[in-house]
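Engineer: mind folding the following:
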Amino acid sequence: MELNGKLNDKVVLVTGAGSGLGEATARAFAQAGACVVCLDLNGENARRVSEELQRSGVSCLSITCDVSSAEQVQQAVQQVIDAFGRLDVVVNNAAVDHTVGIDEMSIEQWDQVIGVNLRGPFLTAKAALPQMKKQMSGHIVNIASTAALRAWANAAAYHASKMGVVGLGRGLGVEGRPYNIRVTTVFPGGMNTHFFDRFAEQGIPMPEVQNLIDPCRVAEAIVFAVQMPEPAVVQELMVTPLTETSWP
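Structural biologist: As a prediction, this is how the structure comes out:
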């Protein structure tokens, strides 16, 4: 299959781009020739990634933003449009979790997980859609998780948020079709990122490294989905380590 090739001059906004999968995704799109906007709550990390990409000749921008804030998201998307005149791809990657049981989880913790993981993609898509409709093109990539397809203890909020992301993506996909706006939901398995740092802090056993995938591999899959020739769309895509347990 012949893909669309380089994404020259396409403008890609990646949330949570300051580390982990977001950083890997920003770098993968930069390598494919795109203009990359690195958005992160941690502005210092976003600037670091953006400046490194700029030094390699990539047109890049960093934005500090809380994706659960409607005002900040709207301002961020407008900043992208003002800077580049268009917005072609949004990757909703920013996420947070609290590894505690329902009886121990505070209401504030629940609201934060749902606010970042589910409200965030909704707000970003809502802000980006008018520009994409105007262009009659666009691609929204929502990062779910295998947590949307199976369950384990002390992750109810995370499961709920990621299952919600799947429903959001399916609804967006239907609404975007008349405007040539494609939507892809990605289900990564366990990745070797800072996401598991809190496990050690809480005395939770870490997954074996060989059962975790390098985030750059998931990032490559995201770019692959965006490069799919129109009018085809990769609606949902699961990427796991070959040796990840609990799967056929």
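Engineer: who are the contact partners of the residue nearest to Asp88 when sequence neighbours are not counted?
Structural biologist: Residue nearest to Asp88 in three dimensions, not counting chain neighbours: Lys10, with 4.3 Å by Cβ to Cβ, 6 or more residues apart in numbering. All C-beta atoms are positioned from the backbone trio N, CA, C, and that covers glycine. Counting by Cβ atoms under 8 Å, 6 or more residues apart in numbering, Lys10 touches 33-35, 88-89.
Engineer: do Glu230 as well
Structural biologist: 180, 182.
Engineer: quick one: the residue nearest to Asp88 from Ala32, how far?
Structural biologist: Plainly put, Lys10 is 8 Å away from Ala32 if you go by Cβ to Cβ, to the nearest Å.
Engineer: lowest-pLDDT helix or strand in this protein?
Structural biologist: For the chain, scoring each helix and strand by mean pLDDT, DSSP states H and E identifies helix 197-201 as the least confident one, at a mean of 55.
Engineer: distance between the very next helix or strand once past that one and the chain's centre?
Structural biologist: Counting by DSSP states H and E, the next helix or strand C-terminal to helix 197-201 is helix 215-226. Mean-position distance between helix 215-226 and its chain equals 11 Å (Cα atoms, centre = their mean, to the nearest Å).
Engineer: helix 215-226 packs against which elements?
Structural biologist: Applying 3 or more Cβ pairs under 8 Å, 6 or more residues apart in numbering; DSSP states H and E, one finds that helix 215-226 contacts helix 20-31, strand 138-143, strand 181-188, strand 236-239.
Engineer: contacts for that helix next, please.
Structural biologist: 3, 7, 12, 20-21, 23-25, 27-29, 32, 89, 91, 139, 141, 184, 186, 188, 191-193, 234, 237, 239.
Engineer: filter those residues down to the buried ones, PyMOL style.
Structural biologist: The following PyMOL line selects those of the contacts of helix 215-226 that are buried, judged by 16 or more other Cβ atoms under 10 Å:
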select buried, resi 7+12+20+21+23+24+25+27+28+29+32+89+91+139+141+184+186+188+191+192+193+234+237+239
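Engineer: could you give me the average pLDDT of the helix or strand hosting Met132?
Structural biologist: Assigned by DSSP H and E, Met132 belongs to helix 120-135. Averaged over helix 120-135, pLDDT sits at 98.
Engineer: pretty sure Arg119 contacts Val73?
Structural biologist: No. Judged on Cβ atoms under 8 Å, Arg119 makes no contact with Val73 at a distance of 9.5 Å.
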